[in-house]
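Novice: Pasting the sequence and the predicted coordinates here, then a few questions.
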Amino acid sequence: MFTTGRKIAQIAILALVCCAAVQRPPAGGSGAGSDAIRIPFESYTLPNGLTVILSADHTTPTVAVNVWYHVGSKNELPGRTGFAHLFEHIMFTGSGHVPYGLHDKLTEGIGGSNNGTTSNDRTTYFEIVPSNYLESALWIESDRMGFLLDKLDIVKLNAQRDIVKNERRQGVDNQPYGRVNEILAQTSYPASHPYSWDVIGSMADLSAASEEDTKNFFRLFYAPNNAILAIAGDFDAAQVKAWVTEYFADVPRGKPVVRPSVAPVTLTAEQRLVYEDRVQVPRLYIQWPTVGEKNDDQYALSVLGAILAGPRTARLTKALVYDQQAAASVSAYQGSKENVGEFRIMIIPRPDRSLTDLEAAADTVIDKLKSEGPTAEEIKKALAGEELGFLRGLESNLGKAMQLCDGAGYHGDAGYFRTDYQKSQAVTADDVKRVANKYLARGRVILSVVPTGKVDQASKPAQSKNVTGIKMPRPEVQP
């Protein structure tokens, strides 16, 4: 249930299907007005520090409740990783006044849903319910914010710890190519850097987590002054405000949260790795460190990814998949976290095609783009795709609630979606050429994942360091 990454779009937007009015930007990507997207909302803060965002939409008799905690794996410490994701599971085991299982009955049992996700930077929990069950959803969320530890003991902790370990076995350790993110993070960032470990954490750290360590993590980060409550959908504002005050106002404020210091990372040289995995087909990953959510270069990098890979006419896709028929598929994208980011290319070869040759072919395509820049038509198509991806994220009540929370949490402005949209649509060909030359430089990580015992299938194997079994903990054997 852990997620990372930024939305990637593919085709042009035709219409918006939600309560968000859209005005088309001028042709050619010259920019969009700051009022191009309008989502009605109001925001206020309770005395205990809880930020509340209300966005009414009476289109359907449903409502989404999203509680956004500004805590992710970035807030952990070396040797104590996996806590944020562990709590994503613990939060569904019942709290002081909500017995285990009642949460599902009051959401899934009445035709709704509930879930949570964890990233490097935040953990979010949500319910989507019929409007007449909104009060129940608010009660559940307030109870686990204020009274979760009343019901958390070592038995519950051990049960969820084992579940997370099994999730790691299934999704990372025993999953083909499952360790790629972990290897790339450990290679791209110094060991003490808060983005150098995977969101799910390590087996050793999960095993070492004590009951008191876990409770202290909750006390610090799961407090109202580190949270945002967003409610989007069919509701009466006056009634909702009364419920929010009733259920959340008495939850005590926590201690001030000190955010980790995150230094930008620049790789001065190329790092070549090969990892032997239980796979049948090799893969090539090329990654450059870039920028995060608060740097405007992320928008041009996202457009760069759309120009390089995706539709049939994208440069890498056209050259490697269709013209040369050397690759089965290619992807390229900018992944923006709160403080840092990475631009990644992934290439899957066709049978008997060399990763070394594919790397060289990809570099040729990238070098040409860096030299000449993209065409006006490429910019037009990419911006249309970016627009579609952005607007699709606002089609649902939950999507709007998430967007409002991200704006408030990362930028201190729930209405940041207007700026976000405007900047994404203002990217020019010169911007793309500039970021391609600035970030897709020599300092990068090149990882070849190859079948066990076939290191010769790596890209430039003689120059690649074999990291199989190094730094990455081996899978545990289940009894």
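Specialist: Perfect, I can see it now.
Novice: Can you get me a residue count around Gly469?
Specialist: Gly469 has 10 neighbouring residues, counting by other CB atoms under 10 Å. Yep, even glycine has a C-beta here, placed from its N, CA and C like the rest.
Novice: In a helix, it, correct?
Specialist: No. Counting by DSSP: H, G, I helix; E, B strand; the rest coil, Gly469 is not part of a helix but coil.
Novice: mind starting the numbering at 8 from now?
Specialist: Taking 8 as the first residue, the last one we looked at is Gly476.
Novice: And it, how close does it get to Thr426?
Specialist: From Gly476 over to Thr426 the distance is 46 Å, taken as CB to CB, to the nearest Å.
Novice: Tell me which residues touch Ile161, please.
Specialist: Residues in contact with Ile161, defined by CB atoms under 8 Å, 6 or more residues apart in numbering, are Glu218.
Novice: mind listing the strands for the protein?
Specialist: 28-29, 44-45, 49-52, 58-63, 69-76, 120-125, 130-137, 234-240, 278-284, 290-296, 334-343, 348-356, 452-458, 472-473 (DSSP state E).
Novice: which residues touch the last one?
Specialist: Same thing as strand 472-473. Defining contact as CB under 8 Å, 6+ apart, one finds that strand 472-473 is touched by Gln278, Arg279, Leu280, Val281, Tyr282, Glu283, Val462.
Novice: okay, now the domains of this structure?
Specialist: 28-255, 278-473 (automatic domain parsing).
Novice: quick one: average confidence on the last one?
Specialist: The pLDDT scores in domain 278-473 average 97.
Novice: Can you get me the start-to-end distance on that domain?
Specialist: 11 Å (CA to CA, to the nearest Å).
Novice: Same check on stretch 137-144?
Specialist: 10 Å.
Novice: In that stretch, which residues are buried?
Specialist: For stretch 137-144, burial by neighbour count (16 or more other CB atoms under 10 Å) applies to Pro137, Tyr140, Leu141, Glu142, Ser143, Ala144.
Novice: who touches the third one in this structure?
Specialist: This points to Leu141. Counting by CB under 8 Å, 6+ apart, Leu141 has contacts Val70, Val72, Ile238, Phe242, Val247, Trp250.
Novice: The first one contacts Asn139, correct?
Specialist: If I follow you right, that is Val70. No. At 9.4 Å, Val70 does not count as touching Asn139 under the criterion of CB atoms under 8 Å.
Novice: Gly119 against Ser138, yeah?
Specialist: No. Between Gly119 and Ser138 there is no contact under CB under 8 Å: 10.5 Å.
Novice: residues shared between the contacts of the two?
Specialist: Jointly contacting Gly119 and Ser138 under the rule CB under 8 Å, 6+ apart are Thr69.
Novice: Which phi and psi values does Thr66 adopt?
Specialist: Main-chain dihedrals, Thr66, degrees, to the nearest 10: phi -60, psi -40.
Novice: roughly how far apart are it and Ile46?
Specialist: 13 Å.
Novice: Among those two, which residue is more densely surrounded?
Specialist: It is Ile46, of Thr66 and Ile46, that has more neighbours when counted by other CB under 10 Å, with 19 against 11.
Novice: how close does the more buried one sit to Asp427?
Specialist: 12 Å.
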